[in-house]
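Need the 3D shape of this:
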Amino acid sequence: MKKIFYIVIIIVLSMGCAAGPSKHDLDKLRDSLDNMVLWGTLRNDTAMLERALKLSDFLLNIDTTNIGKRHCYRHRSIIFSSLGHMDEAMANAEHAVWTLQANNPLRLIFLSAKYLREHNEDSAAYYIEKTIAVCDSSLNEEYNEDMAINKIKAIYLRDGEKNAKIYLLELLRTHPSPLLKSLDEEWNEWVRMNKEELGLLNIEVK
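So this is what the prediction gives:
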């Protein structure tokens, strides 16, 4: 992993001599950040994660596109979560979702979780209902697996595990796709992972 960091340093220094970073340079730096965060979290390597955090700082200064900012903030959220700094993890995740469109279900689900964490039930309920409405609007026009999964997540936040599973079974009757079948088969694991993730944010689901 040290090799990755040395390559990053070389790229950064070479960019300093040029007029500005090329797309190729940015892609290399993003790939390096991906690798550093992956191996840092897998190996619980605090030093690697700290280096990844510094690289993300640098990238945020030179890559101001929504895609670039979302990439960096998402990784910073993972880093802070791995280091046990949940407030910083949540703040960076919020920066990431602001780069998404207002009606993007991922943004709406995040805001639902954010307000649940803050015990702001009215705002949480608003964003959960908005998520379901956006998903329903899309699904009424054409079946979309991403929208179906996002609606399951929203129902899980609002009504708990039992009702989310009921909706999944309803979907399976009309759209028996491999992804939905897999979710049904691995349901207990899916619930466990969600509880674990929400538990880190001090959110309890029914």
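
On the three-state scheme, the residue nearest the centre of the chain is what?
Residue closest to the average C-alpha location in the chain (CA atoms, centre = their mean): Arg74, at 6.2 Å. Using DSSP: H, G, I helix; E, B strand; the rest coil, the structure places Arg74 in helix.

How about the contacts made by the residue nearest to it when sequence neighbours are not counted?
Using CB to CB, 6 or more residues apart in numbering and skipping the chain neighbours, the partner closest in space to Arg74 is Ala96 (4.7 Å). C-beta coordinates here come from the backbone N, C-alpha and C atoms, glycine included. Ala96 makes contacts with Lys69, Arg70, Tyr73, Arg74, Ser77, as judged by CB atoms under 8 Å, 6 or more residues apart in numbering.

try 6 Å
Contact analysis of Ala96 by CB atoms under 6 Å, 6 or more residues apart in numbering lists Arg70, Tyr73, Arg74.

Can you tell me how far Asp63 is from Val37?
The gap separating Asp63 from Val37 is 16 Å, by CB to CB, to the nearest Å.

ok, the two, which is more surrounded?
Using other CB atoms under 10 Å, the more surrounded residue of Asp63 and Val37 is Val37, with 22 against 17.

Verify the stated contact: Leu180 with Glu170.
No: the pair Leu180 / Glu170 is not scored as a contact, 10.4 Å apart, by CB atoms under 6 Å.

higher neighbour count, those two?
The residue with more neighbours, out of Leu180 and Glu170, is Leu180; 19 against 10, by other CB under 10 Å.
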